[in-house]
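> no FASTA, just this:
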């Protein structure tokens, strides 16, 4: 582990940086042949399942998770990271520009759920 690169504390994280890191990680290990859309989707779904298990049996929890132990929050961060990284990798392998897709989705959501209609309808909105 001594020769593993440690991220700079002040390094700005972007989708582009994460995509590059995932690509480099797979290349260095000769894992590219395994990173097919199907395989990445399945591991992504598995990661979402692991993320869900963390919340299983906890009921509703308040923002910030004030009653959680620090190790539970660390575990949540690690599993959330797995889901994010596999989603970025899947998008990359499928040729999807996730930056553009995300911005487009936000734009479409703002048209679908205008501020006025959401404020007037407490049950309408996400």
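Looks like it arrived, so ask away. Since the model is a prediction, treat every value here as computed from it, not as a measurement.

> Spatially, which residue comes closest to residue 90, not counting chain neighbours?
Distances taken as Cβ to Cβ, 6 or more residues apart in numbering place residue 40 nearest to residue 90, at 4.1 Å, with adjacent residues excluded. The C-beta positions use only the backbone N, C-alpha and C, and glycine is treated the same way.

> Report the buried residues of the helix or strand hosting residue 74.
Here residue 74, judged by DSSP states H and E, is contained in helix 70-93. With burial defined by 16 or more other Cβ atoms under 10 Å, the residues of helix 70-93 counted as buried are 75, 79, 82-83, 85-93.

> Quick one: residues contacting the residue most central in space within the chain.
Per Cα atoms, centre = their mean, the C-alpha nearest to the average position across the chain is that of residue 84, at 2.2 Å. Neighbour list for residue 84: residue 18 [criterion: Cβ atoms under 8 Å, 6 or more residues apart in numbering].

> From residue 77, how far out is it?
Plainly put, residue 84 is 10 Å away from residue 77 if you go by Cβ to Cβ, to the nearest Å.

> Over to residue 107?
Taking Cβ to Cβ, one finds residue 107 at 29 Å from residue 77.

> so where's this structure uncertain?
The chain contains residues with pLDDT under 70 at 1-9, 120-126.

> residue ranges of the helices in it, please?
Per DSSP state H, the chain carries helices over the ranges 15-28, 37-55, 70-93, 98-112, 115-120.

> Tell me the spacing between the residue nearest to residue 90 and residue 86.
Distance from residue 40 to residue 86, by Cβ to Cβ: 6 Å.

> So residue 22 versus residue 52, what's the distance?
23 Å.

> Name the residue in these two with the higher neighbour count.
The neighbour comparison of residue 22 against residue 52 (other Cβ atoms under 10 Å) goes to residue 22, with 18 against 10.

> So that one is in contact with residue 81, correct?
No. With contact defined as Cβ atoms under 8 Å, residue 22 does not reach residue 81; the gap is 11.3 Å.
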